[in-house]
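[1] Prediction below, plus the sequence it came from.
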Amino acid sequence: MAETITFFVDKLSNLAVQEASLFGGVEGQISLMRDELEWISLFLEEASEAHTDDRRLKLWMNQIRDAAYDAEDVIDEFIVRLEHQRQRRLQNLKFLTVVLPTCVIFADKLPLVHELDGRMKEINVKIEKILANKSRYCVENAMMPSGAWSSSSPNEVVTWAEKRLPIVEEADVVGMKNEAEAVKKMLMNLSKKKKKMLKINGRGVVAIVGMGGLGKTTLAKKVYNDPDVNRHFQCCAFVYVSQVYTIRELLMGIANNVMRETDHMRNMDENQLGNEVRKYLDEKRYLIVLDDVWSIQVWNRLCLYLPESNGSRVLITTRNEQIALDAYAKLYRLRPLGEKESWELFLKKTFPTGSRSTISQVECPAELEDVGKKITGKCKGLPLAIVVSGGLLSRKEKTPSSWEKILRSMEWHLSQGPESCMGILALSYRDLPYFLKSCFLYCGVFPEDCEIKASKLIRMWIAEGFVQARGEETVEEDVGEDYLEELIHRSMIQVVKREWDGRVKSCRIHDLLRDLAISKAKDSKFFEVRGNIFAYPFNPRRLIAHDSQNISQHLSNCHRLRSLICSIHIPQVNFWSCLRSAKLLTVLDLTLTADPDREIPEMKLPKEIGEFIHLKYFRFLGPRRTRFPWSIGRLINLETLDLRHIFFLDIPFSIWKLHQLRHLYLGAYPILRMPIRDQRCFSSHLGIDKMTNLQTLYVEQHGWVVRRGLPKLTQLRKLHIYGPNIRSNSSSELIFPSNLVELILVYCRLKQDPMSTLGKLPNLRALKLIDSAYIGKKITCSSGAFPRLEFLRLNGLTYLEELIVEESALPSLKTLQIYECNKMEKLLHQLQKLKSLQQVKLKHMNRSLIEEIKNTKGEEFDKIRLITSIT
């Protein structure tokens, strides 16, 4: 609740400074409201931490929140109406704009300013009455001293430099060593008796069964990542199933793990894709993990595409033992942790000393041991509850009084109902600083068991206003990463993958924590999910509708809608016209799907898309051919535009008017339209060189992007270029911004060695050359080249025969990955020159090169072999 008011106060402050002329005589009312809300937000911060469920306090907080929402809507509606008025003036009086006096233009908006002033006064009076009720109905008496609860400010979250300290990852769970060994044996040594009983010639099924929060997924991951398992099976795949799924999605997940995804595969229906997967897996010994299965129908349909290859295994995790029995699986029943294991896990989370530490290195002060074991006992052996409780206490003072307050709060929460785990999770949510609560709740907008891209999550947080930069030296994206790491440290979110530099690449939220987020969001009207869509009055601020069939009819009444995250089946009648009523949209994440036999070949978005002038985040996944209108250039507040999954993208040159863009992703074959009468706009004010806020640029087959403007993008951190249209297929003519941190070149078919140019980039830390990005035979890293490069991947360079590393080149390189460069026959002596190297990964390489790595004798080569992984 407090975060809602705080974000709006910040918005009012920015408006007062930046838009003083826009609001005319209304600034007095805006300043009055801002000052009042600043005091209210401080009170709400304390109220949100109060140990109470008092109905008076909840009612009062809800009324304040609604008043703040009303004020925000009034101001943003005013801005929308002003913009519409400006557009009409430009259209109707275009020939007079150069001579119209300023006073005439200002007079145009006077009625709107007067109306805004009246509505702001009404809201201020409403706030005064609500404040009066606080004393009249003794709302303050409903609050109890918080004592142990968090009072962190946004600036007190760990910074990115601090978060690099190793902490206990989800896979590092004590007490699971024996369990992992048992499941490994079941996968690798399924008994002959069981094989006969299953009537399966070579394909066995193993199931991990247990209640929610026991760590089934964690155990499955631990086994899946085990080196012995990876060596035993020729190919492996891990896919999340959950309650909402399609067989095609699961098949695509398997395909993405075991084979290279192609555009052809993306367009296959379930049967075609299933046959492709079966063909690839045939005669291979494979392992498929199906995590969180809720229905036997998943197995009944999916098994049709899994060949009965000799020694292959399917590992299922489920809460329902009957599903495992129906799949004729060999059962492993996961039990709650014992007292000893529970205590060890609790210590590892509460006193993190690094993921490699042993329990003997983790100590609990004697004065805390008694209360700590009482807290652990409340968790009933559930790893999720223990991990979350430990994450909570890791942020608290290590004193008996502080821990005893936590214990009393746990006892109070557990007394409210039989669901002990949910009570403990709710306690951890309540302990979150106010500015992290909205970030956590937002994780509930994603589908169950969804692997969430960290960059997407953070950009949506920023668009929603949840993340604020810490002064001029930091960018919001870095602060958002700190927020995410804080939630991970508290075990409210789990890491799925990390980037080359340790940053989170993807994450997920446990289904019990997701249930908690949805429950809290419903109580605070934070967002509405499709299950509540028929409850009236229906006018949500955020609407989540995954796989919705009939959402259009409800959108026409959503005047307050700020965020729409949905996947809809097309065609839906009047979808775009119904969406027009939501003029205050800030986040639009839209996926359009169709039946394979009714696929829509092309779509033209309506010009009304340009009316969403408050839009900051826009992701669109639709038909293979999509045409955008010129009005997209009116989305002047847009920060993220993600169109990468549109194959043929027709987009106008007005896109270069979006000077606030930070992250731009364009599709495979974009066509940029510009008026024939204004060809000069290619190199004038409508060029990419004006988009100086860009941090991420993903473009495909666009030589013009490289030729013009890139050096002026001084904020650009990550650049991804696909396609052979780079000028003259020569890297020597490429001019990249010196601040570039990560560069990915895919299928560029460069004929000249790119390293002579790229090696001069002073801040480049990651370089990936993928799928014929370079078609020469030799790559040379010259002396002194790549001073800061830490990560290098060469993947699918089919003509490459030799990698040469000169002395003092690549002094900072830590990770080298070389995949599918089949003509390379020697490498070992070049690796010897890389003094900072920590990890080498080789996949599908020439046999001669593998033999060189394995058999060359010498102590210096033994060191290289220790850090080399070959598959």
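    Structure received.
[2] where does the stretch 501-650 of the chain have low pLDDT?
    The stretch 501-650 of the chain contains residues with pLDDT under 70 at 530-538, 547-550, 553, 571-573, 595-599.
[3] Which stretches in it count as strands?
    Per DSSP state E, counting those that start in this stretch, the stretch 501-650 of the chain has strands spanning 504-508, 528-529, 542-548, 563-569, 587-593, 602-604, 617-621, 625-627, 640-642, 648-652. These are given in chain order.
[4] of those strands, which approaches P365 most closely?
    Nearest of those to P365, taken as CB to CB: strand 504-508 at 31.3 Å. Glycine gets a C-beta too; all of them are placed from N, C-alpha and C.
[5] Can you give the strand pairings for that closest one, parallel or anti for each?
    Next to strand 504-508 in the sheet, as set by DSSP bridges, lie strand 452-453 (antiparallel), strand 494-498 (antiparallel).
[6] Name the stretch among the ones you listed that sits most buried.
    strand 452-453 (a mean of 18; mean count of other CB atoms under 10 Å).
[7] Just the residues contacting it, thanks.
    Strand 452-453 has contacts (CB atoms under 8 Å, 6 or more residues apart in numbering) with 443, 446, 505-509.
[8] and if we set it to 6 Å?
    With CB atoms under 6 Å, 6 or more residues apart in numbering as the test, strand 452-453 has contacts from 446, 506-507.
[9] Closest one of these to A545?
    Set against A545, the nearest of those by CB to CB is F446 (12.7 Å).
[10] Now that closest one: closest residue in space, sequence neighbours ignored.
    Computed as CB to CB, 6 or more residues apart in numbering, the closest residue to F446 that is not its neighbour in sequence is I452, at 5.3 Å.
[11] Please enumerate the strands of the stretch 251-400 of the chain.
    So, for the stretch 251-400 of the chain - with DSSP E, counting those that start in this stretch - the strands run 286-293, 312-318, 330-333.
[12] So for L816, which of those strands sits nearest?
    Smallest distance to L816 across those (CB to CB): 27.1 Å, for strand 286-293.
[13] before we move on, back to that, report the beta-bridge partner residues of the residue nearest to F446.
    Under the criterion DSSP bridges, I452 forms beta bridges with C507.
[14] Could you list the low-confidence segments of the stretch 251-400 of the chain?
    For the stretch 251-400 of the chain, applying pLDDT under 70 flags the ranges 261-263, 353-361.
[15] make it 50
    355-357, 359 (pLDDT under 50).
[16] Can you show me the helices along it?
    Secondary structure of the stretch 251-400 of the chain (DSSP state H, counting those that start in this stretch): helices at 263-266, 270-281, 296-302, 321-326, 339-350, 366-378, 383-393, 400-414.
[17] Comparing those, which stretch has the densest surroundings?
    Across the helices of the stretch 251-400 of the chain, averaging neighbours per residue (mean count of other CB under 10 Å) puts helix 383-393 on top, at a mean of 27.
[18] tell me what it is packed against?
    Helices and strands touching helix 383-393, as assessed by 3 or more CB pairs under 6 Å, 6 or more residues apart in numbering; DSSP states H and E, comprise helix 339-350, helix 420-431.
[19] Relative to G274, which of those is closest?
    Per CB to CB, nearest to G274 of those: helix 420-431, 37.2 Å.
[20] Show me how far the closest one is from its chain's centre.
    Distance of helix 420-431 from the chain centroid (CA atoms, centre = their mean, to the nearest Å) equals 24 Å.
[21] elements contacting it?
    Counting contacts by 3+ CB pairs under 6 Å, 6+ apart, helix 420-431 is packed against helix 383-393, helix 400-414.
[22] Can you check what angle separates the last one from helix 339-350?
    Angle between the axes of helix 400-414 and helix 339-350 is 110 degrees (criterion: axes from the mean of the first three to the mean of the last three CA atoms, to 10 degrees).
[23] Pull the distance from helix 400-414 to the chain's centre.
    Distance, centroid of helix 400-414 to centroid of chain: 33 Å (CA atoms, centre = their mean).
[24] likewise stretch 582-589?
    With CA atoms, centre = their mean, you get 19 Å for stretch 582-589.
[25] before we move on, back to that, would you turn the helices of the stretch 251-400 of the chain into CSV with distance to L743?
    Below are the helices of the stretch 251-400 of the chain laid out as CSV (distance: least, CB to CB, whole Å):
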stretch, distance to L743
helix 263-266, 23
helix 270-281, 32
helix 296-302, 39
helix 321-326, 46
helix 339-350, 38
helix 366-378, 48
helix 383-393, 36
helix 400-414, 47
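[26] For I744, which of those is the nearest?
    Nearest of the helices of the stretch 251-400 of the chain to I744, taken as CB to CB: helix 263-266 at 18.1 Å.
[27] Enumerate every residue touching M120.
    Contacts of M120 (CB under 6 Å, 6+ apart): Q29.
[28] Looks to me like it is in a helix.
    Yes: the assignment for M120 by DSSP: H, G, I helix; E, B strand; the rest coil puts it in a helix.
[29] Please enumerate the helices of the stretch 51-200 of the chain.
    Ranges of helices in the stretch 51-200 of the chain, per DSSP H, counting those that start in this stretch, are 55-92, 102-136, 160-163, 177-188, 192-198.
[30] Tell me which of those approaches W500 most closely.
    Across the helices of the stretch 51-200 of the chain, closest to W500 is helix 160-163 (CB to CB), at 14.8 Å.
[31] pLDDT averaged over that closest one - what is it?
    In this model, helix 160-163 has an average pLDDT of 40.
[32] from now on call the first residue 617
    Yes, from this point I'll number from 617; that puts the last item at helix 776-779.
[33] Give me the number of neighbouring residues for I1074.
    I1074: 23 surrounding residues under other CB atoms under 10 Å.
[34] Tell me, what's the model's pLDDT at I1271?
    At I1271, the model reports a pLDDT of 89.
[35] residues contacting it?
    Per CB under 6 Å, 6+ apart, neighbours of I1271: none.
[36] Kindly recompute the last result at 8 Å.
    Going by CB under 8 Å, 6+ apart, I1271 touches 1244, 1248-1249, 1257, 1288.
[37] Verify the contact between L1251 and E1227 for me.
    No: using CB atoms under 8 Å, L1251 is not in contact with E1227; the gap is 9.3 Å.
[38] More neighbours: which of those two?
    Neighbour count, other CB under 10 Å: between L1251 and E1227, L1251 has more, with 24 against 21.
[39] Show the backbone phi and psi for that one.
    Phi and psi for L1251, reported as degrees, to the nearest 10, are phi -80, psi 70.
[40] any idea what sits nearest it, other than its immediate chain neighbours?
    L1231 (5.2 Å).
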